[in-house]
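Engineer: pasted the sequence and its predicted model underneath.
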Amino acid sequence: MNKKGLIVGILVVLVAGVAIWKVTSNNSSNDVAANVSEKSEASQGEDSKNGQANKSDQNDSDKANQDKQDSDNSSNNSSKNDENNSGGDNSAIVSNIPGFTSENGGSSKSGKDNSSSSNNGNSKSDKNNNSSNKSNTMSLPYTIASTGMKVTNIGKYSGKFVENGSDKSVSNVLSIVVTNTSNKDLQYGEIKLKAGGKTATFKLTNIPSGKSVLALEANGMKYSSGAGYKYADATYALTNMPMNSNKVKVSTSDSKVTIKNTSGKDLGTVYVYYKNLDKSGAYLGGITYRVKFDNVKKGGTLSQNTKHFSKSNSKIVMVDTEK
C-alpha cells in the first residue's frame with residue numbers, strides 16, 4: 001500500500017470512529033433524558049397525590065369551619081330567642097323544679113358521669129353494649145354517647161301532664177331531667193329506660209344547645225322508688241333550628257303571638273314553635289307547641305291566640321317558613 005492510500009485509510013477509520021462516538025453519545029443522552037422525564041413524571045404524580053391529600057385536609061378544615069359556623073349559628077339562634085322572649089333560660093336548678101322530686105336529692109352533680117358505649121357518631125340511635133356495665137344501671141349524671149343527651153336526674157313529678165297537651169293533673173309520674181350537651185340543637189330525642197320488666201319512654205323535641213328539660217314518661221308511668229332504672233336505648237336528631245329573622249318578625253303579648261312578614265315576598269305558611277319553662281329555667285316537658293299562620297302575604301301582619309303560650313314563661317325556639 002502506498003503512502004497516500006495509507007493516509008486515506010487512516011482518515012476513514014477516524015471518521016468512522018467519530019460517527020460511532022456521536023451515536024453512542026446521543027443514545028446515552030437520550031437515556032438520561034428519558035430517566036429525567038420519568039423521574040419528573042413520578043414526582044409530578046406524587047405531588048398530585050400530595051395535592052389531593054392537602055385538598056382532603058382542606059376539606060377537613062372546611063368541615064371544621066362549617067361545624068364552627070353551625071355552632072355559631074346555633075348560638076346566634078339562641079341569642080335571637082333571647083331577644084324575642086322575656087322568659088329566662090338559665091341552666092336548670094333541679095331543686096327549683098316545681099312538682100319534681102329527684103331520687104338523688106335534687107343535685108345534678110352527684111355520682112360519677114357514666115357514659116353509655118359510643119357508636120360511630122353517624123348513627124341516629126345508640127344502644128348500650130358496654131360489656132363492662134352489662135346491667136346498664138344508671139349512675140347519675142349519665143351521658144348517652146354521641147347523642148348530646150345527658151340524664152342528670154331521675155325522679156317523680158306531680159302537676160300538669162303536659163306531654164300530650166291535655167294538662168290533666170297527675171301525681172308521681174316517672175320523670176327525668178336531660179341536658180343537651182351538644183353544640184347543636186336537639187331536634188328530636190327519645191330515651192328508653194327499663195325497670196321491673198317495663199319500658200319507660202321519654203320524648204324530647206327542639207331542645208336548644210346547652211339547655212335542660214324535665215321530660216315526663218310519655219304514657220304517664222308511675223315512679224317506683226328503688227326500681228333501679230337501667231338505660232336501654234336512645235334515638236336522636238341534631239340540627240340548627242332556624243329563626244328566619246330575616247323573613248319574619250315575631251312579637252308576643254300575654255298569650256298572643258304576632259308575626260310580620262318582612263321578607264318582601266309571600267311566604268305561604270309560617271310556623272312558630274315554642275316551649276314552656278318552669279321556675280328552674282328548665283323546659284317543662286319534651287313537648288313543643290306550634291302556632292300555624294296560613295297564607296302569609298308580603299308585608300302582612302297576623303296574630304293568633306294560643307292555649308299554652310305565656311309571655312313570661314314561654315320561649316320561641318324556632319320559626320319555619322314554607323317559602
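Structural biologist: Sure thing, it's come through.
Engineer: hey, C-alpha coordinates of stretch 299-313 in PDB?
Structural biologist: The C-alpha trace of stretch 299-313 is given here as PDB (Å, rounded to 0.1, in the frame of the first residue of the first chain):
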ATOM      1  CA  GLY A 299     -95.700  42.800  54.300                       C
ATOM      2  CA  GLY A 300     -98.700  41.200  56.100                       C
ATOM      3  CA  THR A 301     -99.200  41.000  59.900                       C
ATOM      4  CA  LEU A 302    -101.100  38.100  61.500                       C
ATOM      5  CA  SER A 303    -101.900  37.300  65.100                       C
ATOM      6  CA  GLN A 304    -103.000  34.100  66.900                       C
ATOM      7  CA  ASN A 305    -104.300  33.500  70.400                       C
ATOM      8  CA  THR A 306    -102.800  30.400  71.900                       C
ATOM      9  CA  LYS A 307    -103.700  28.000  74.700                       C
ATOM     10  CA  HIS A 308    -100.200  27.400  76.200                       C
ATOM     11  CA  PHE A 309     -98.100  30.500  75.300                       C
ATOM     12  CA  SER A 310     -97.200  32.900  78.100                       C
ATOM     13  CA  LYS A 311     -95.000  35.900  77.600                       C
ATOM     14  CA  SER A 312     -93.300  35.400  80.900                       C
ATOM     15  CA  ASN A 313     -92.900  31.600  80.800                       C
END
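Engineer: give me the buried positions along it.
Structural biologist: By neighbour count on 16 or more other C-beta atoms under 10 Å, the buried set for stretch 299-313 is 302, 306, 308, 309, 313. To be clear about C-beta, it is placed using only N, CA and C from the backbone, and glycine gets the same treatment.
Engineer: restricted to strands, list the residues you listed.
Structural biologist: Members of the buried residues of stretch 299-313 lying in strands (criterion: DSSP state E): residue 302.
Engineer: want to throw the buried residues of stretch 299-313 into a markdown table with pLDDT?
Structural biologist: Below are those laid out as a markdown table (pLDDT from 0 to 100):
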| residue | pLDDT |
| --- | --- |
| 302 | 98 |
| 306 | 96 |
| 308 | 96 |
| 309 | 96 |
| 313 | 93 |
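Engineer: residue 174: which of the buried residues of stretch 299-313 is nearest?
Structural biologist: Residue 174 has its nearest neighbour among the buried residues of stretch 299-313 in residue 308, at 22.6 Å by C-beta to C-beta.
Engineer: surely residue 237 is in contact with residue 190?
Structural biologist: No - with contacts counted by C-beta atoms under 8 Å, residue 237 stays clear of residue 190, the gap being 9.8 Å.
Engineer: and of the buried residues of stretch 299-313, the nearest to residue 291?
Structural biologist: Looking across these and measuring by C-beta to C-beta, the closest to residue 291 is residue 306, at 5.9 Å.
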